[in-house]
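1. I would like the atomic coordinates for the input below:
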Amino acid sequence: MNKQRLLIDIWLVFITLSVIVACNSDNEDDDDAISVELVENSQENIYSDHDGSLYFKITSSSPLEVAVVNADKRVSDVKIPEYVIIDNAKYKCTSIGYEAFRACEICNVTIPNTIKTIGPSAFADCWQLTNITIPNSVTCIGSSAFHACTGLESISIPDSVTSIAGNTFQFCFSLESISIPESLTSIGYRSFYKCSKLKTIIIPNSVNTIGDEVFFNCSGLTSVVISNSLTSIPNGTFRYCSSLTSITIPSSVTSIGENAFEGCSSLNGLTIPSTVISVGNEAFAGCSGLDSLIIPNSVTSIGNKAFAESGLTSVTIGNSVASIGEGAFQNCINLKAITIPNSVVSMEWYVFKGCSNLTSLTVHSKEIGIRWFAELPYLKEVVIGDEVTAIGAHAFLGCEGLTNIIIGNSVTTIGTSAFNGCSSLQSLIIPNSVTSIGNQAFEDCIALTSVTIGSSVTVIGDLAFAFCSSLTGVTIPNSVISIRGGAFRYCLNLMSVTMGSSVAYISGDVFEECQKLTSIHCKNAVPASATFSPFSGLQYESVTLYVPKGSREAYMDTSPWYYFANIIEE
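-> Numbering: from 1, shown residues only. Model (predicted):
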């Protein structure tokens, strides 16, 4: 009997211990669970903890999951629970919802390992938050998640995260360091915009996509390592990173976007790899510390103002560049010389405008287009290579400092106003390859004292040499058929003119007001016909007209030649 009683007592003790252990186990499971209650008059079934500091919403009934959706703005320390108890059911807390903690006064926050998603603007404007640990369970960080957390100093992104959405850390002015994991594949638009204390950044090779302006205005950034998986540096990526001194662009990159390095005023070492095909508009504008650059042969296009206002003293343009955008090197005040390769077929206006020390230019392109080098007042020497076949309209218009020009032996046409206003040009040799000289081509070249016109020119355009007031003599070759209106108008010091044997037509005012003209040698036995008066303002009695033997009577019978009192055969 006693033995039986002993066995019963032992069995009762065992049962009691089992119940205690089970209870303790249940209590341990509930250590990180809090009970929540439905908020009265809540239209979206929002639940709150006992003191109203955190608010939750059911996001899934299978499995049982909730999200943190709001918080008391005055709370300073936050511990997000792993689980909440709703109606005796245990729900896992798996996400932090849109603007859940926005503008809260939190200083510290603990995020449990159950959280998978941090939603858009979840901690935006939490200005007192100084640090945060994101657990390995998190796979997604939403846009603007930590926007304007102005006190946030450092953050480590776990290996579980594969992407950082746009504006995530925008305006985090105190952020000095961030660790980006090898798991990351993309970084969104303006993710680190104006993180002005961020000093170094390593973009791991896993990242193959970054959005525009990711590090825009990170003025304290000094060092960057770029992923060798990127094929482009997007628009504005490092714009106004004024402390960035050097950067290595990996060989995977084929394009550099608009404004990519604009305003990187401390950048002084740059190598563009031979894989890059295009350099975007204003890509390196305002890089005042950049002193020399080689644009590789792979590049085919240079965008508008790509290097404007940079510190370049020398630049080599690769021989595959086909187009150069407007103002590409505008206001590069230290640039002294430039060579245009023969690959260039398109160049917009004002490419070198404001380059006040640019004195030497060599051109090898097939053609020189309209206004390519217009209004460069400090340019002194120009060499036009034998590859060039045409000089376009206004090509060197207003190059007031140009003193010396060599025109290659393949040029066939000189366009309208091509050298108009080149007021320092003193001598000119037009090669034998040239067949036409355009209207006003050398008008107002007031220092021009001598000109040699090549033996293939057939037409001299209207006002071509008008107002060349220092020109004293000119020989028009035998190839010229027509001299157009005002071609030598107001050449006030012109004393002698020789017109070749093929000149058949002279337009009005060709030699208007050439009052110092004393001799004209006509080599054509047939007097050239003229419309209007080619010699208006001329003192005919002061000029001797020399004509071929046997042609004096023909000239004496033809207008306007019969006005000359002295006609001598030679």
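
2. burial count for Glu541?
-> Neighbours of Glu541 under the rule other C-beta atoms under 10 Å: 10. Placement of C-beta: from N, CA and C, glycine included.

3. please apply the same query to the one 4 residues further on.
-> A count of neighbours around Leu545, defined by other C-beta under 10 Å, yields 21.

4. and it, that one's in a strand?
-> Yes. Assessed with DSSP: H, G, I helix; E, B strand; the rest coil, Leu545 lies in a strand.

5. was I right to think it contacts Glu570?
-> No. Using C-beta atoms under 8 Å, Leu545 is not in contact with Glu570, being 10.3 Å away.

6. Ala390 pairs with what?
-> Glu367, Thr413 (DSSP bridges).

7. hmm, it is touching Val411, no?
-> Yes. Contact status for Ala390 versus Val411: in contact at 6.7 Å, counting by C-beta under 8 Å.

8. neighbour count: the two, which is higher?
-> Using other C-beta under 10 Å, the more surrounded residue of Ala390 and Val411 is Val411, with 23 against 18.

9. and the more buried one, what's its pLDDT?
-> The score at Val411 is 98. That number is its pLDDT.

10. that one and Asp72, how far apart?
-> Distance, Val411 to Asp72, by C-beta to C-beta, to the nearest Å: 80 Å.

11. Leu267 now?
-> Taking C-beta to C-beta, one finds Leu267 at 47 Å from Asp72.

12. those two: which has the busier surroundings?
-> The residue with more neighbours, out of Leu267 and Asp72, is Leu267; 24 against 18, by other C-beta under 10 Å.

13. using the three-state scheme, assign the spatially closest residue to the more buried one that is not a sequence neighbour.
-> Closest residue to Leu267 apart from its sequence neighbours, by C-beta to C-beta, 6 or more residues apart in numbering: Cys287 at 4.9 Å. The assignment at Cys287 comes out as coil when based on three-state DSSP.

14. low-confidence regions, the chain specifically.
-> Scanning the chain with the threshold set as pLDDT under 70 gives 1-31.

15. now with 80, please.
-> For the chain, residues meeting the criterion pLDDT under 80 lie at 1-32, 40-43, 532.

16. any idea how it splits into domains?
-> 231-358, 426-570 (automatic domain parsing).

17. can you tell me which of those is most buried?
-> Highest mean neighbour count of the domains of the chain: domain 231-358, a mean of 20 (counted as mean count of other C-beta atoms under 10 Å).

18. just how off-centre is that domain within its chain?
-> Distance of domain 231-358 from the chain centroid (C-alpha atoms, centre = their mean, to the nearest Å) equals 7 Å.

19. next, the distance between the ends of that domain.
-> Chord length of domain 231-358, first to last residue, is 34 Å (C-alpha to C-alpha, to the nearest Å).

20. my read is that Leu129 contacts Ser154, right?
-> No. Using C-beta under 8 Å, Leu129 makes no contact with Ser154, being 11.4 Å away.

21. between the two, who's got more neighbours?
-> Taking neighbours as other C-beta under 10 Å, Leu129 and Ser154 compare with Leu129 leading, 26 against 13.

22. now the strands for the stretch 201-350 of the chain?
-> 209-210, 223-225, 232-233, 246-248, 255-256, 269-271, 278-279, 292-295, 301-302, 314-317, 323-324, 337-340, 346-347 (DSSP state E, counting those that start in this stretch).

23. tell me the strands beside the first one, with direction?
-> Right, strand 209-210. When DSSP bridges is applied, strand 209-210 pairs with strand 186-187 (parallel).

24. show me the contact partners of the partner strand.
-> 162-164, 180, 203, 207-211, 214 (C-beta atoms under 8 Å, 6 or more residues apart in numbering).

25. change it to 7 Å
-> 163-164, 207, 209-211, 214 (C-beta atoms under 7 Å, 6 or more residues apart in numbering).

26. next: stretch 368-386.
-> Contacts for stretch 368-386 (C-beta under 7 Å, 6+ apart): 346-347, 349, 351-353, 355-364, 388, 390-411.

27. re the thing from before, does the residue nearest to Leu267 touch Phe261 like I think?
-> Yes. Between Cys287 and Phe261 there is a contact at 6.1 Å, judged by C-beta atoms under 7 Å.

28. which residues do those two both contact?
-> Leu267.

29. what comes up buried for stretch 59-68?
-> 59, 64-68 (16 or more other C-beta atoms under 10 Å).

30. in strands, which of these appear?
-> Counting by DSSP state E, the buried residues of stretch 59-68 place 59, 64-68 in strands.

31. make TSV out of these and add distance to Arg190.
-> Converted to TSV, those look like this (distance: C-beta to C-beta, whole Å):
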residue	distance to Arg190
Thr59	28
Leu64	37
Glu65	31
Val66	31
Ala67	26
Val68	25
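
32. mind picking the two most distant members of those residues?
-> For those, the maximum inter-member distance is 15.2 Å, found between Leu64 and Val68 (C-beta to C-beta).

33. coming back round to it: would JSON lines of the domains of the chain with distance to Glu176 be doable?
-> Output for the domains of the chain, formatted as JSON lines (distance: least, C-beta to C-beta, whole Å):
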{"stretch": "domain 231-358", "distance to Glu176": "13"}
{"stretch": "domain 426-570", "distance to Glu176": "61"}
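
34. now for those domains, which one comes closest to Ile85?
-> Nearest of the domains of the chain (C-beta to C-beta): domain 231-358, 47.2 Å.

35. from Ser423, how far out is Phe396?
-> 12 Å.

36. how about Thr518?
-> From Thr518 to Ser423 the distance is 26 Å (C-beta to C-beta).

37. also Glu400?
-> 5 Å.

38. repeat for Cys287
-> 34 Å.

39. so who does Asn566 touch?
-> Counting by C-beta under 7 Å, 6+ apart, Asn566 has contacts 544-545.

40. give me phi/psi at Phe171?
-> Backbone torsions of Phe171, given as degrees, to the nearest 10, read phi 70, psi 20.

41. spatially nearest residue to it, not counting backbone neighbours?
-> Closest to Phe171 by C-beta to C-beta, 6+ apart is Ala148, at 4.2 Å.

42. what about that neighbour, which SS state?
-> coil.

43. touching, it and Phe169? I think so.
-> No. Using C-beta under 7 Å, Ala148 is not in contact with Phe169, being 9.4 Å away.

44. higher neighbour count, those two?
-> Phe169 (25 against 21).

45. tell me the spacing between that one and Ser196.
-> 12 Å.

46. who's in contact with Cys136?
-> One thing to correct before we go on: residue 136 is Asn, not Cys. 113, 158-160.
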